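Asker: requesting a structural model of the entry that follows:
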Amino acid sequence: MEEYSFSWKELVEICNKTEVSLKRELSRLVNKNKIINLRKEFYLIIPPKYSRLGQIPVQLYANKLFKSLNKKYYLGFYSAAKFHGASHQQSQQEYVMTDYPKIGDIDRNQIRLRFITTSKWPKNNLIEKKSDAGIFKISSPALTAVNLLQHQNKLGGLNRMLSVIEELIEEITKDDISKLLEWYSHKSTLQRFGYLLDKLGGEKEKTSLISNHLKSTKYFPVLLVPRSNQKAGKVNNGWKVDVNTILENDL
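Answerer: Residues are numbered from 1 along each chain as shown. The predicted structure follows:
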């Protein structure tokens with residue numbers, strides 16, 4: 001396993017040097033672009049193979065970063081989608097889901113990290129993957145899709161993510177959906193998810209899982225694209241989704 005990041009606390013514990021000399025050495029390496037001070041007391045090591053980019057992939061330091069912050073996390077949204085083969089929509093930043101309290105986004109050198117916070121931490125649907133630096137966590141295909149839909153207005157809108165969701169559908173399994181339905185409580189998002197699964201050619205066995213889950217309780221008409229100045233009107237589909245936009249998929 002290779003090391004691509006470290007905390008100030010870790011450095012002080014390992015090195016038999018004064019804090020003054022360590023800070024001086026860190027400053028020298030930062031000036032040479034061999035180390036990036038990502039956030040207070042947390043640093044990234046930029047090896048030669050990444051020097052031209054001026055950054056390293058988020059999976060090489062995410063686990064260590066959030067361990068140092070003592071916070072839960074997973075790579076989500078477009079960042080998770082690319083690990084599931086849904087990389088049609090290229091993003092200039094990485095997206096991470098965290099728990100409260102919220103931390104500030106990072107925009108440092110070539111690195112842009114956006115943190116979105118949830119109070120309802122997943123009981124299932126998190127996947128551990130391996131990188132050269134060890135384990136990192138991402139959302140499953142089903143959780144990635146519903147997270148995108150739930151936060152669509154923060155992430156560029158539905159049409160921007162439609163092709164990504166269509167690619168994710170190919171990776172979503174019945175087991176993935178079943179586990180999601182055990183804990184995920186946003187019914188309006190599940191309605192949108194079920195509608196799009198139907199619209200984009202999802203298998204009947206998968207859509208039925210969501211449909212049966214919704215029918216076990218009361219659910220009401222929702223807008224496909226949430227808008228503060230608009231309420232859902234008449235619906236003509238079983239998902240009770242008012243399709244208030246023209247779907248434009250660029251796949």
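
Asker: check contacts around the residue nearest to residue 201 when sequence neighbours are not counted.
Answerer: Leaving aside its sequence neighbours, residue 201 sits nearest to residue 169 (Cβ to Cβ, 6 or more residues apart in numbering; 7.3 Å). For glycine as for every other residue, the C-beta is placed from the backbone atoms N, C-alpha and C. Neighbour list for residue 169: 141, 145, 197, 200-202 [criterion: Cβ atoms under 8 Å, 6 or more residues apart in numbering].

Asker: cool, residue 112 as well?
Answerer: 92-94, 105-106.

Asker: a strand runs through it, doesn't it?
Answerer: Yes. The assignment for residue 112 is a strand, going by DSSP: H, G, I helix; E, B strand; the rest coil.

Asker: bridge partners for it, pull those for me.
Answerer: Taking DSSP bridges as the rule, residue 112 bridges to residue 107.

Asker: do the one 4 residues further on as well
Answerer: Under DSSP bridges, the beta-bridge partners of residue 116 are residue 97.

Asker: and it, how far from residue 234?
Answerer: 33 Å (Cβ to Cβ, to the nearest Å).

Asker: ok, these two, which is more surrounded?
Answerer: Neighbour count, other Cβ atoms under 10 Å: between residue 116 and residue 234, residue 116 has more, with 17 against 6.

Asker: touching, the more buried one and residue 97? I think so.
Answerer: Yes. Between residue 116 and residue 97 there is a contact under Cβ atoms under 8 Å: 5.5 Å.

Asker: anything in contact with each of those two?
Answerer: With Cβ under 8 Å, 6+ apart as the test, residue 116 and residue 97 both reach 76-77.

Asker: from residue 153, how far out is the closest residue to residue 243 other than its chain neighbours?
Answerer: Once flanking residues are discounted, residue 243 sits nearest to residue 224: 5.0 Å by Cβ to Cβ, 6+ apart. Plainly put, residue 224 is 12 Å away from residue 153 if you go by Cβ to Cβ.

Asker: okay, those two: which has more neighbours?
Answerer: Taking other Cβ under 10 Å, residue 224 and residue 153 do not tie; residue 224 has more neighbours (21 against 12).
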